[in-house]
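[1] Structure for the following, please:
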Amino acid sequence: MKVGNVIAGQADSAIPRLKSRLRRSVCASIIGAGSVALVAFGPATLAHAQTNAAQTSPSQTTAAQPAGLAGGLVTRQTDPNAKMLVTADELVYDNTRNEVIAEGNVQIYYDGAVLEARRVVYDRNANRLRAEGGVRLKDKDGTVIAADNLDLSQDFSNGFVNSLRIDSPDDMHFVAARADRENGDTTVLTSGAYTPCEPCKENPAKPPMWQVKAAKIIHKEKEQMIYFEDARLEFLGVPFAWVPYLEAPDPTVKRKSGFLIPQFVSTSEIGYGATIPYFWNIAPNMDVTFSPLIVSKQGVMLDAEFRHRLETGTYSIRAAGIDQLDKDAFLGQPGYRDQRGVVETHGRFNINENWYWGWDGWLMSDETFLQDYNLINATAREVTSQIYLVGQGDRSYFDVRAMYFTGLTSYDIQDQQPIIHPVLDYSKTLGDSVFGGQLSYDINFTSLTRNEIDLRATSAAYAPTYPTLYDGPTNQCDLDKVGTNPIEQRQDCLMRGMVGSYTRLSGVVDWRRTFIDTAGQTWTPFFNMQVDVASVQAQTEDSPWLPGGDNQLIRAMPAVGLEYRYPFIAVQSWGTQTIEPIAQVIIRPDETDIGQFPNEDAQSLIFDDTNLFEISKYSGYDRVEGGGRANVGIQYTANFNDGGQINALFGQSYQIFGVNSYANYDMANTGAESGLEDDASDYVARLYYQPTDKFSLINRFRFDNEDWSVERYEVEGRATLNKHLTVSALYGLYTAQPLLGYYEEREGILGTGTLKLNENWNLRAAARYNLNLDEIDYTMFGISYIDECFGLALSYRSDYTESGNRERVDTVLVTFTLKTLGEAGFSTQVGSGSTDD
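    Numbering: from 1, shown residues only. Okay, here's the model as predicted:
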């Protein structure tokens, strides 16, 4: 008698008619999958008797089969050439009942899966399989199924399992008192529970962080859905919420139509409310999310977003709108209207590996709609509608875009926002040397239109102080109060933006080469040329800022210079020290047409250590530094063997001949009170200290060139005190700059910190103290918890809002995440002047 024939169910004539028994440890011979005798369950196909298997075509045996009473959680392809190995203490063939029985420590290996049970019986007459006693199946992908007993039909179309537990490799866990298989594709877990949380190792009986218990859990494989009936959500074993019905896609689904977890909101103006999003999976690359928001004061806001992924990119379209029930809640604000809404679209498409193009579009009923209804980050000040084309090479960059800016604050005047049509930037550094040096060039083309002049007050008499510390001047200049005298207008107002049209084409070429002599001195001669051609149609007749009418301008600024460095290096036992004198001389003509070119892109000018040795210290192309200038400084660097570093720089800039550009102001007064307006500039300095990679401190100074008074000072420190605590602090002191609209000294401290309590809990906090107003004008505190299956975050922020009346607003945001189910949240805003909520 051959053991292989016994397992295959072939009746050998030498076997007694009633019962033959092998009373020893039996190892079945390895046979092909087409003649599987007992079982290949879970992800594998149910075994057939050899005589039945012989009638199965190879194409049938290779098809993907369901996971049976595992709840259909996994499907996979079976290998037609896979072999089965069966081991047991006893193997019995019962001729009377036509059964094959494996008893005692049964282990069945098939195609990477392992089945263990005390007893396995295959009934050839009924074509059913029974596994009894500590049934445990581990699939090749790691899914573990445990049960007391199992009864299945041969094709998995019907059957049941008692005391079932399923553990998948992606941390999904199901338990049930009983599991039934119906109609070939439906599995019903009775008195079941689901959780993605790992059981406690020290106390497996302890309830998981959260779980969903249900009277029935129904998995329909063809629909790829799991349904929960009479379900309740439990946290740490305590019931938290109950729903009569709940559904979710099964783990094999990446996208599925259905309702998403709701979000909750509460503000003084719109009241309490919630949105219950519905996701419609139109196609694998196309979907729509409907997110109607129902609020107590304003009614229903409809909100929908369409997304479409194509072969080379994606795009989306979003629309939201509401007919407000109580517009008086926004009295005196931009939201005081009946209908409000927004249309938003974004897209980006790859042309090839170096080029892409795209767009962003916003169309809103008013400035504050997005923030009033929590459709955008509360700190956003503006949105940009644009279409762009971008290219990136190894040594070149191209960017062209047309832009339309929309302000999101109540004080924004839309006609004062520029329309850019377009702006183009191209830069390239040649790979080959030119005359032994490096040659690079930049091209900028800018064309813009503005419909209303943007004037800001430079006198506190015409502009009340803004309450926050770090925001710039936002107060409009009232020319009626100033009068018609151009001198008075120029003294009391500055122009942030011209009215009319402005088009400029600029090109910059730069060449430099470094020589090192035998003494170790470095000499870097350089050549720089900027050429600008512009057309200006300024509607500012009889104004002191720009000439009116149509003007065609051309400007060229060639510059030659030499930069000298002489590093003195000393090697010590603890590291190295370097003292490096630096001197730079630039020869060029005076800047021409000062005040004729509108200054739209070079208004930001901060003179410090970072631009001391720049050829032009302006931030854009509209202004260019002219006249002869010398920049000098000395730098000290200490590098320690253990990785620490100290770096210090001290320097000054001198106008050695010609017209000082920074002393000749443009429409925005750029250069005024910058520290560069005198022939001898203010002193600038830097001190950087980093003893380890866990601590750093940087100081930046600007001292008056006459009395050494501090004009600008910043000190910033960052420290990781241990693996749990990280802190940072920034102190800033900035003297008044009335010609730029900063009427008072600004001084404040900003501190932030993050504390990791353990692997799950984190704290973070921030606060800003305005020393001038003697108040804390910004605070933030947050606490979060996250583990393998659950996340919770609570944050509080108190800040001044730019929506409405710039009042102080307290915002509380709570979000929690349930792995595999989704994320829900609640936010509330309370203004300092509100009386409700």
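
[2] Looking at D326 now. What's its pLDDT?
    D326 is assigned 93 on the pLDDT scale.

[3] in a helix, that's where R629 is, yeah?
    No: applying DSSP: H, G, I helix; E, B strand; the rest coil, one finds R629 to be strand, outside a helix.

[4] That one bridge partners, please.
    Assessed by DSSP bridges, R629 has beta-bridge partners I586, Q655.

[5] give the contact list for it.
    By Cβ atoms under 8 Å, 6 or more residues apart in numbering, the residues touching R629 are V585, I586, S653, Y654, Q655, I656. All C-beta spots, glycine's among them, are computed from the backbone N, C-alpha and C.

[6] remind me which residues of the protein are low pLDDT?
    1-82, 152-161, 184, 459-476, 478-491, 540-543, 800-807, 830-837 (pLDDT under 70).

[7] still on that earlier bit, let's have the contacts of R629 in a markdown table, adding distance to E711 and neighbour count.
    Compiled in a markdown table, the contacts of R629 are given as follows (distance: Cβ to Cβ, whole Å; neighbours: other Cβ atoms under 10 Å):
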| residue | distance to E711 | neighbour count |
| --- | --- | --- |
| V585 | 25 | 16 |
| I586 | 24 | 23 |
| S653 | 14 | 28 |
| Y654 | 17 | 16 |
| Q655 | 18 | 22 |
| I656 | 22 | 13 |
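
[8] Specify which member of those is nearest to T195.
    Nearest to T195 among these: S653, at 66.6 Å, using Cβ to Cβ.

[9] how far away is the closest residue in space to the closest one that isn't next to it in sequence from P581?
    Spatial nearest neighbour of S653, excluding adjacent residues (Cβ to Cβ, 6 or more residues apart in numbering): S681 at 4.1 Å. Remark: distance between S681 and P581 (Cβ to Cβ, to the nearest Å) = 18 Å.

[10] what are the ranges of the helices in this structure?
    3-8, 50-53, 58-61, 369-372, 479-482, 486-492 (DSSP state H).

[11] ok, now which ones touch C197?
    With contact taken as Cβ under 8 Å, 6+ apart, C197 is in contact with D171, H173, P208, M209, W210, Q211, D787, E788, C789, F790.

[12] repeat for D590
    Contacts of D590 (Cβ under 8 Å, 6+ apart): G626, G627, G658, V659.

[13] cutoff 10 Å now
    M557, G626, G627, G628, F657, G658, V659, N660, S661, N664 (Cβ atoms under 10 Å, 6 or more residues apart in numbering).

[14] Kindly list the main-chain dihedrals of it?
    As for D590, its main-chain torsions (degrees, to the nearest 10) stand at phi -70, psi 150.

[15] again, but for the one 10 residues further on
    Comment: the main-chain dihedrals of E600 come out as phi -110, psi -30, following degrees, to the nearest 10.

[16] With I749 as the reference, measure out to it.
    34 Å.

[17] Give the residue from the two that has the larger number of neighbours.
    E600 (21 against 16; other Cβ atoms under 10 Å).

[18] from what I can see that one touches N444, true?
    No: at 11.7 Å, E600 does not count as touching N444 under the criterion of Cβ atoms under 10 Å.

[19] Which residues are in contact with each of those two?
    Going by Cβ under 10 Å, 6+ apart, residues that sit against E600 and also against N444 are R504, G620, Y621, D622.

[20] ok, what's across the strand from the nearest residue to the third one once chain neighbours are set aside?
    If the residues on either side of it in the chain are set aside, Y621 comes closest to S506, at 4.3 Å by Cβ to Cβ, 6+ apart. The residues listed as beta-bridge partners of S506 by DSSP bridges are N444, D532.

[21] Give me the number of neighbouring residues for R97.
    Other residues within reach of R97, judged by other Cβ under 10 Å, total 15.

[22] same check, this time on the one 4 residues further on
    When neighbours are counted by other Cβ under 10 Å, I101 registers 21.

[23] what sits against it?
    For I101, the contacting residues are 19, 21, 38, 88, 90-94, 119-123, 130, by Cβ under 10 Å, 6+ apart.

[24] Any idea which residue is closest to the centre of the chain?
    The C-alpha lying nearest the average C-alpha coordinate of the chain belongs to N377 (Cα atoms, centre = their mean; 12.5 Å).

[25] List the contacts of that one.
    N377 neighbours (Cβ under 10 Å, 6+ apart): L370, Q371, L408.

[26] Same question for H724.
    By Cβ under 10 Å, 6+ apart, H724 lies in contact with T754, L755, K756, L757, N758, N762, L763.
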